[in-house]
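> Kindly generate the corresponding structure for this input.
(one chain, ligands or ions: 2)
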Amino acid sequence: MTRVLHFLLLLITAAAASAQPQKLIFLLRVDDIMSRNTAILPRSLTAFEQAAESRGAKVTWVTIPHRLIESANQDGKLRRELIASAGRGHEIAMHGYTHICQRCSQSSHEMFCTTHNLPFTYAQQEKLVRDGLQILADSLGVQAVSFVPPGHHADSTTFQVLVEQGFRWISTTGPTKAPIAEGLMNLPPHREYTWQMAPASYQDRLRQALQDVRTLGRADGYFCLLFHDPFMRQGYENGLVVRWAGEVLDSLRAEYGGNLVFMTLAEAAQHFAGQITSLTQRSAAAPVFALAQNYPNPFNAATLIEFSLRQTTPVRLTVFNANGQAVAQLLDRMLSPGNYQVRWQDAAAASGVYHYRLQAGESSETRKLLLLR
Ligand SMILES: [Zn+2]
Ligand SMILES: [Zn+2]
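Ligands and ions are numbered 1, 2, ... in the order given. Below you'll find the model as predicted:
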């Protein structure tokens with residue numbers, strides 16, 4: 001009898017556990033605050049913030065510093081709103097300096113020129129970051145700790161500059177939840193909602209967003225919903241985006257109850273950095289090297305592979321084709337600590353998947369790259 005009861009109790013416990021969703025950390029992020037598009041009015045973030053705040057959510061405002069001192073903001077309205085928002089526990093993250101490339105003048109990137117596939121020097125990037133920090137400090141009175149590279153493009157030089165300038169968190173498109181440089185933790189967004197919000201697609205978009213949270217959010221333990229400033233303010237005009245965001249939050253609260261936790265980018269990154277630190281402490285020692293994903297990737301003509309070394313060690317960097325045959329030996333020599341960039345360009349190579357392997361002393365790491373002719 002006791003055994004039967006015990007068995008029943010186990011069944012009930014199991015059923016209760018599966019009915020209760022796991023804890024979900026939810027981030028609401030708005031990029032490109034002070035967008036390049038000055039035609040979008042009204043220039044106010046308040047309606048969106050209130051929709052979030054009334055549901056207990058926190059907003060991370062990803063702000064382009066230089067826009068705060070341009071004529072588009074001469075009335076100071078957005079500046080005052082951002083200051084008030086930061087005072088209520090929302091976060092101001094830094095989004096480059098001008099969001100315009102100083103080499104090619106395009107507004108799709110800034111920390112690395114993707115048009116010419118050329119990096120900027122440490123000194124150039126340091127100036128951008130320091131000037132941006134200065135504007136945020138002067139205009140808003142905040143010390144930014146999170147950095148979002150414009151267009152998600154950054155390199156290991158960017159990471160080093162950010163570490164030196166006291167940044168703790170970065171958001172690139174990958175890898176997920178990973179320390180990306182010493183003391184710099186990466187936490188990427190899951191979905192960018194940049195589509196035009198129309199009444200006809202409202203319900204479909206809502207279903208899709210909630211489905212994304214259930215799958216991607218469950219896998220990662222967090223979900224970051226990314227809006228863009230122009231999009232969000234267009235929604236402010238017709239009210240749709242603000243209403244939509246509120247409905248997403250209400251649906252999630254109904255589904256997750258007390259297991260839904262709202263955080264800013266910095267808070268969530270800190271949360272996961274703590275978890276990862278405890279994992280790292282269990283492993284023997286800090287890795288000898290860090291190997292970045294090549295960029296651009298996929299690529300057509302040439303691609304750059306970056307890595308950093310912590311100690312002097314023999315290094316081999318080899319490219320393999322899909323059959324595992326070595327097709328290029330890019331490096332085979334002793335290297336001292338520092339950041340390195342190696343270019344791979346092979347006009348004779350066919351389209352397809354390749355792998356590059358970095359072997360440094362006893363350890364090695366392999367990553368995939370994609371050549372598209
Ligand atoms: Zn450029
Ligand atoms: Zn941007």
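
> C-alpha from now on. contacts and neighbour counts both.
Will do.

> Do you have the helices of the stretch 251-373 of the chain handy? List them.
265-282 (DSSP state H, counting those that start in this stretch).

> need the contact list for the residue of it found nearest ligand 1.
Distances between the stretch 251-373 of the chain and ligand 1 by C-alpha to the ion are smallest at Pro296, namely 13.0 Å. Contacts for Pro296 were tallied using C-alpha atoms under 8 Å, 6 or more residues apart in numbering; they are 114, 117, 303-304.

> Buried ones among the residues you listed?
Among the contacts of Pro296, those scoring as buried are 114, 303-304 (criterion: 16 or more other C-alpha atoms under 10 Å).

> Keep those residues, but drop any that are not near ligand 2.
Filtering those for proximity to ligand 2 by C-alpha under 5 Å from the ion leaves nothing.

> Including distance to ligand 1, could these go into a markdown table?
A markdown table is the format used below for the buried ones among the contacts of Pro296 (distance: C-alpha to the ion, whole Å):
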| residue | distance to ligand 1 |
| --- | --- |
| Thr114 | 5 |
| Thr303 | 16 |
| Leu304 | 16 |
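
> of all those residues, which comes closest to Phe159?
Nearest to Phe159, judged by C-alpha to C-alpha, of the buried ones among the contacts of Pro296 is Leu304 at 16.1 Å.

> If you drop the residues flanking it in sequence, what lies closest to the closest one?
Nearest residue to Leu304, sequence neighbours excluded (C-alpha to C-alpha, 6 or more residues apart in numbering): Arg343, at 4.5 Å.

> Enumerate every residue touching the one you found.
Neighbouring residues of Arg343 by C-alpha under 8 Å, 6+ apart: 302-305.

> still on that earlier bit, quick check: phi and psi at the residue of the stretch 251-373 of the chain closest to ligand 1.
phi -70, psi 160 (degrees, to the nearest 10).

> quick one: it and ligand 2, what's the gap?
18 Å (C-alpha to the ion, to the nearest Å).

> Ok, Val30 next?
Val30 is 10 Å from ligand 2, by C-alpha to the ion.

> Kindly give the local confidence score, pLDDT, for that residue.
Val30 carries a pLDDT value of 93.

> do Glu306 as well
Predicted confidence (pLDDT) for Glu306: 87.

> try Arg373
Among the per-residue scores, Arg373 holds a pLDDT of 86.

> which stretches of the stretch 251-373 of the chain have low pLDDT?
Across the stretch 251-373 of the chain, residues meeting the criterion (pLDDT under 70) sit at 276-287.

> hmm, try it at 90
The stretch 251-373 of the chain contains residues with pLDDT under 90 at 273-302, 304, 306-315, 320-326, 332-343, 346-348, 353, 355-357, 359-368, 372-373.

> then whichever helix or strand Leu128 is part of to PDB, C-alphas only?
Assessed by DSSP states H and E, Leu128 sits inside helix 122-140. Presented in PDB, the C-alpha positions along helix 122-140 are these (Å, rounded to 0.1, in the frame of the first residue of the first chain):
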ATOM      1  CA  TYR A 122      43.100  50.100 -31.700                       C
ATOM      2  CA  ALA A 123      43.600  53.900 -31.600                       C
ATOM      3  CA  GLN A 124      40.800  54.600 -34.000                       C
ATOM      4  CA  GLN A 125      38.300  52.300 -32.100                       C
ATOM      5  CA  GLU A 126      39.500  53.600 -28.800                       C
ATOM      6  CA  LYS A 127      38.700  57.200 -29.900                       C
ATOM      7  CA  LEU A 128      35.100  56.200 -31.000                       C
ATOM      8  CA  VAL A 129      34.400  54.400 -27.700                       C
ATOM      9  CA  ARG A 130      35.900  57.100 -25.400                       C
ATOM     10  CA  ASP A 131      34.100  59.900 -27.300                       C
ATOM     11  CA  GLY A 132      30.800  58.000 -27.100                       C
ATOM     12  CA  LEU A 133      31.300  57.400 -23.400                       C
ATOM     13  CA  GLN A 134      32.000  61.100 -22.800                       C
ATOM     14  CA  ILE A 135      28.800  62.100 -24.600                       C
ATOM     15  CA  LEU A 136      26.700  59.600 -22.600                       C
ATOM     16  CA  ALA A 137      28.300  60.900 -19.400                       C
ATOM     17  CA  ASP A 138      27.800  64.600 -20.300                       C
ATOM     18  CA  SER A 139      24.300  64.300 -21.800                       C
ATOM     19  CA  LEU A 140      22.700  61.600 -19.700                       C
END
